[in-house]
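In: with the sequence up front, the predicted model follows.
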Amino acid sequence: MDSIIVTGNGPLSGTIPIAGAKNACLTLMPATLLSDEPLTLTNAPRLSDIRTMSALLGSLGAEVSTLQGGQVIAMSSHALTSQRAEYDIVRKMRASILVLGPLLARFGHAEVSLPGGCAIGARPVDLHLKALEAMGAQLDLREGYVHAKAPGGLKGGTYEFPIVSVGATENALMAATLAKGTTVLKNAAREPEIVDLATCLRRMGAQIEGDGTSTITIEGVERLHGATHPVVTDRIELGTYMLAPAICGGEVTCLGGRIDLLQAFCEKLDAAGVSVTETGQGLTVARKNGDIRAVDVATEPFPGFPTDLQAQFMALMCTADGTSTLEENIFENRFMHAPELIRMGADIDVHGGVATVKGVARLKGAPVMATDLRASVSLILAGLAAEGETIVNRVYHLDRGYEHVEDKLSAVGAKIERVSGQ
Ligand SMILES: CC(=O)N[C@H]1[C@@H](OP(=O)(O)OP(=O)(O)OC[C@H]2O[C@@H](n3ccc(=O)[nH]c3=O)[C@H](O)[C@@H]2O)O[C@H](CO)[C@@H](O)[C@@H]1O
Ligand SMILES: C=C(OP(=O)(O)O)C(=O)O
């Protein structure tokens, strides 16, 4: 297993290119199942999760080829051989459940393994299923699989999500594009990845209105056609790299970054004493006057502060001036980075969904264990600011969501290297 070794060595300077969004690409790829014509994605990120989704689509008989080093993904589902997503692949990645809606909508039946929980929470898929049932799907859970049928096809319906779910909104949105009649999704997720999916589906001929608001209306069409679509910028990768100069000083421009992708996060950075300037190139980030102030944060669905940046923001708060509270409202177990940050000298107290962080003068390097994707990168950020060497183990979590992290950070002056394990 590979490890990443980070040695804190002062201010950073330069540019970091931000990739296309993992979480957009993972829902855009299953959209290919809705059509027998090719779907091509450009600006795709080069990540292990994307390879897992390619393998899943391949197991269904889709043709998936990657071009330009992985930045272009060309897919075709004209000769699908299976509508069954097997546990062996699904268990590797929860986003696999996103093939359910498209398969059911196009073929009238599908079997998809239930993904199971993961380190950050139980993460049920009940809302995905209820939204599909509102479109007439008949569902049966047997032997760990969802067996879904829609004899005669899905029919438009109205479904109000009891809580905001990104994945359930995506599954329902994709399914509704081929349902007969009108579907209205209420209390829908508003994340930029939902807007990106709707934009791509419209390019494929879907009729969708209201994406980006909490009510999405979809008029079903007979068939969707091929399209080429550029994946939206990864706002979580963007926010992560914006925190690098905030944590160790200097000035970094994140190429392709936009404030509207991360408004709530940028406001918290501003309150903490970090300036963010939007230019034609992207976002330029630097400390305003050297000091970082403690700032309270509560995670919320978009447009609120993203849960996927909570761990990284905690790394910043570890050496802030004062005490901050970080409230996690999306996942029940998303503070696993806290004990590892404590090993690096942080002062953090976790009670239920709230972490209280008292800023310390300096973190100290230590061997630490990555427990999930965003926890992993928070330890790297902490390592950039720490005295001495931090060794982050189990970096396979990191490779799910960050391409070439060591190259991107080295390019702005960080001392970071990957060490291959056996
Ligand atoms: C691949 C992808 O895009 N992943 C993102 C997506 O995950 P994902 O789509 O899985 O997250 P959701 O928005 O669905 O989850 C929000 C909350 O709803 C709960 N829930 C969800 C579905 C359901 O059927 N029942 C239910 O109870 C979840 O357990 C969680 O507590 O949005 C999350 C919230 O922004 C991000 O952290 C993930 O990075
Ligand atoms: C939680 C995340 O991803 P996933 O939903 O794929 O587990 C994430 O990207 O931070």
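Out: Structure's in. What do you need? Numbering: from 1, shown residues only. Ligands and ions are numbered 1, 2, ... in the order given.

In: going forward, measure contacts between C-alpha atoms and count neighbours the same way
Out: Noted.

In: give the contact list for Lys22.
Out: 44-45, 47, 49-50, 234, 401 (C-alpha atoms under 8 Å, 6 or more residues apart in numbering).

In: just checking, which of these belong to helices?
Out: By the criterion of DSSP state H, membership of these in helices covers 49-50.

In: can you redo the contacts of Lys22 as TSV with neighbour count, pLDDT and distance to Glu328?
Out: Listed next are the contacts of Lys22 as TSV, based on neighbours: other C-alpha atoms under 10 Å; pLDDT from 0 to 100; distance: C-alpha to C-alpha, whole Å:
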residue	neighbour count	pLDDT	distance to Glu328
Ala44	27	98	29
Pro45	27	98	27
Leu47	17	97	26
Asp49	23	95	24
Ile50	22	97	27
Asp234	26	98	21
Gly401	24	95	20
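
In: adding distance to Ala346, write the contacts of Lys22 out as a markdown table.
Out: Shown next, in a markdown table, are the contacts of Lys22 (distance: C-alpha to C-alpha, whole Å):
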| residue | distance to Ala346 |
| --- | --- |
| Ala44 | 36 |
| Pro45 | 32 |
| Leu47 | 30 |
| Asp49 | 31 |
| Ile50 | 34 |
| Asp234 | 28 |
| Gly401 | 25 |
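
In: and the contacts of Lys22, which is closest to ligand 2?
Out: Among these, Gly401 lies closest to ligand 2 (C-alpha to the nearest ligand atom), at 6.5 Å.

In: closest to Phe265 out of the contacts of Lys22?
Out: Asp234 (13.9 Å; C-alpha to C-alpha).

In: doesn't Ala21 make contact with the closest one?
Out: Yes. Applying C-alpha atoms under 8 Å, one finds Asp234 in contact with Ala21, separated by 3.6 Å.

In: which helices and strands does the lowest-mean-pLDDT helix or strand in the chain pack with?
Out: Sorting the helices and strands of the chain by mean pLDDT, DSSP states H and E puts helix 396-399 at the bottom, at a mean of 92. Counting contacts by 3 or more C-alpha pairs under 8 Å, 6 or more residues apart in numbering; DSSP states H and E, helix 396-399 is packed against helix 373-385.

In: got the residues of the stretch 51-200 of the chain near ligand 1?
Out: 95, 122-128, 165-168 (C-alpha under 6 Å from any ligand atom).

In: where do the helices sit along the stretch 201-350 of the chain?
Out: With DSSP state H, counting those that start in this stretch, the ranges of helices along the stretch 201-350 of the chain come out as 235-248, 263-272, 310-317, 337-343.

In: residues in contact with the residue of the stretch 251-400 of the chain found nearest ligand 2?
Out: The nearest approach of the stretch 251-400 of the chain to ligand 2 comes at Asp308, 4.6 Å away (C-alpha to the nearest ligand atom). Counting by C-alpha under 8 Å, 6+ apart, Asp308 touches 236, 374.

In: mind checking how far it is from Ile50?
Out: 18 Å (C-alpha to C-alpha, to the nearest Å).

In: next: Arg142.
Out: Here Arg142 is placed at a distance of 28 Å from Ile50 (C-alpha to C-alpha).

In: Gly101 now?
Out: Gly101 is 19 Å from Ile50, by C-alpha to C-alpha.

In: what residue ranges in the chain score low on pLDDT?
Out: 422 (pLDDT under 70).
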